[in-house]
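> How does the following fold in three dimensions:
(one chain, ligands or ions: 4)
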Amino acid sequence: MTLRIAEIFGPTIQGEGVLIGEPTVFIRAGGCDYRCLWCDSPHAVDSAFRHEWRVMTPAAIWAEVRRLSGGRPLTVSISGGNPAIQDFAPVIALGKAEGYRFACETQGSVARPWFADLDTLVLSPKPPSSGQDVDWRSFDACLASTEGGPQTVMKIVIFDDTDFAWARSVSEHYPRLPLFLQPGNPEVDPEVPVDLRAAASRLEWLIDKVTGAGWFRPRVLPQLHVLVWGNKRGV
Ligand SMILES: C[S@@+](CC[C@H](N)C(=O)[O-])C[C@H]1O[C@@H](n2cnc3c(N)ncnc32)[C@H](O)[C@@H]1O
Ligand SMILES: Nc1nc2[nH]cc(C(=O)O)c2c(=O)[nH]1
Ligand code: SF4
Ligand SMILES: [Mg+2]
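Ligands and ions are numbered 1, 2, ... in the order given. I've put the predicted structure just below:
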């Protein structure tokens with residue numbers, strides 16, 4: 001059995017959400033069932049980049065993670081693309097046998113039995129600005145697959161007022177899911193250096209929205225890796 005892999009990189013720090021700051025190796029799966037208008041990882045989505053993807057066995061993927069981490073267990077984040085359109089169970093089994101921990105980033109459009117083997121599942125339903133339609137039945141199936149298992153959290157990207165209002169209503173439907181908000185990054189060209197002042201302004205705008213609304217449930221975080229490296233690949 002093989003998997004389509006866009007890149008494997010690290011160790012770096014997890015730049016987003018509940019595991020922010022955690023030393024992490026990323027496995028970025030190739031292929032996605034969505035086409036978010038502002039996707040920051042099109043090289044793992046568009047078939048135009050397919051020739052850059054590697055077809056790898058779980059053993060080959062695991063050998064690469066072990067090499068990058070020097071064989072010292074850390075958190076491995078499985079992202080993409082949408083990793084849930086492939087079967088990562090064998091990779092997770094290889095890693096767990098050596099004491100590694102696993103997180104997964106997905107939009108929640110496809111539920112997988114292997115979600116139950118994770119330590120952390122990050123569900124990131126897509127707001128109106130993405131141009132995608134959320135299938136909430138699939139999202140609920142993802143949630144059901146982790147009941148009594150991994151920590152499961154929700155992370156929503158906010159670009160504008162409409163996204164913000166949407167996030168509030170989604171939050172009301174899932175009152176027990178820990179919620180993380182991050183400002184959308186409109187600059188997805190990996191070659192363009194980060195504009196720190198613009199990034200700080202976007203974060204300030206989102207903080208003002210949350211506190212101004214008297215909404216004290218979500219945590220508001222930047223994309224830490226974007227502040228340091230912009231949208232550079234492999235970090
Ligand atoms: C590239 S996606 C891959 C995983 C999965 N397809 C998903 O969307 O959750 C990883 C994370 O980056 C976020 N993201 C993608 N493009 C972004 C952008 N331009 N600004 C901020 N966050 C973004 C997604 O919402 C998701 O939480
Ligand atoms: N450092 C770092 N943190 C991240 N958190 C989520 C990422 C992703 O693209 O899934 C990501 C990424 O690509 N790099
Ligand atoms: S779901 Fe994730 S990987 Fe797919 S297009 Fe949207 S942001 Fe990109
Ligand atoms: Mg990213």
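
> can we go C-alpha only for contacts and neighbour counts from here?
Will do.

> Residue 147: neighbour count?
12 (other Cα atoms under 10 Å).

> Would you mind measuring from it to residue 75?
Separation of residue 147 from residue 75 (Cα to Cα, to the nearest Å): 21 Å.

> Now the residue positioned nearest the centre of the chain: which helix or strand?
For the chain, residue 105 is the residue whose C-alpha lies nearest the centre (Cα atoms, centre = their mean; 3.5 Å). Here residue 105, judged by DSSP states H and E, is contained in strand 101-106.

> from the chain's centre, how far out does that strand sit?
How far strand 101-106 lies from its chain's middle: 8 Å, per Cα atoms, centre = their mean, to the nearest Å.

> Could you look up the SS state of residue 216?
coil (DSSP: H, G, I helix; E, B strand; the rest coil).

> what sits against it?
By Cα atoms under 8 Å, 6 or more residues apart in numbering, the contact list for residue 216 reads residue 210.

> what does the model give it for pLDDT?
Residue 216 carries a pLDDT value of 98.

> Report the strands that pair with the top strand by length along the chain, each with its relative direction.
With secondary structure taken from DSSP state E, the chain has its longest strand at strand 3-13. Paired strands of strand 3-13, with direction, are strand 23-29 (antiparallel), strand 54-56 (antiparallel) (DSSP bridges).

> before we move on, back to that, hey, what's the residue nearest to the centre of the chain bridged with?
residue 122.

> re the thing from before, does ligand 2 sit close to the longest strand of the chain?
Yes. Residues of strand 3-13 are located near ligand 2 by Cα under 6 Å from any ligand atom, namely 12-13.

> Give me the contact list for the helix or strand residue 181 falls within.
Assessed by DSSP H and E, residue 181 sits inside strand 179-183. For strand 179-183, contacts defined as Cα under 8 Å, 6+ apart pick out 16-18, 153-159, 171, 202-203, 206, 217-223.

> And the average pLDDT for the top helix by length along the chain is what?
Secondary structure of the chain per DSSP state H: the longest helix is helix 196-212. Rounded to a whole number, the mean pLDDT of helix 196-212 is 98.

> Residues in contact with that helix: which ones?
Contacts for helix 196-212 (Cα under 8 Å, 6+ apart): 158, 164, 182-185, 216, 220-222, 227.

> Following element in sequence after it, please.
strand 219-220.

> Okay, buried residues for the helix or strand just after that following strand please.
Sequence-wise, the next helix or strand downstream of strand 219-220 (DSSP H and E) is helix 224-229. Neighbour-count burial for helix 224-229 flags 224-227 (criterion: 16 or more other Cα atoms under 10 Å).

> just those residues now: which is nearest ligand 2?
Ligand 2 lies nearest to residue 225 out of the buried residues of helix 224-229, by Cα to the nearest ligand atom, at 4.7 Å.

> For that closest one, report the pLDDT, please.
pLDDT at residue 225 comes out at 98.

> Am I right that it is in contact with residue 235?
Yes. Counting by Cα atoms under 8 Å, residue 225 does reach residue 235; the two are 7.1 Å apart.

> which residues touch whichever residue of the chain sits closest to ligand 2?
Ligand 2 sits closest to residue 15 of the chain, with a gap of 3.7 Å, by Cα to the nearest ligand atom. Contacts of residue 15 were listed using Cα under 8 Å, 6+ apart, and they are 21, 222-226.

> again, only this time at 7 Å
Residues near residue 15 by Cα atoms under 7 Å, 6 or more residues apart in numbering: 21, 223-225.

> Which two among those are spaced furthest apart?
For these, the maximum inter-member distance is 10.3 Å, found between 21 and 223 (Cα to Cα).
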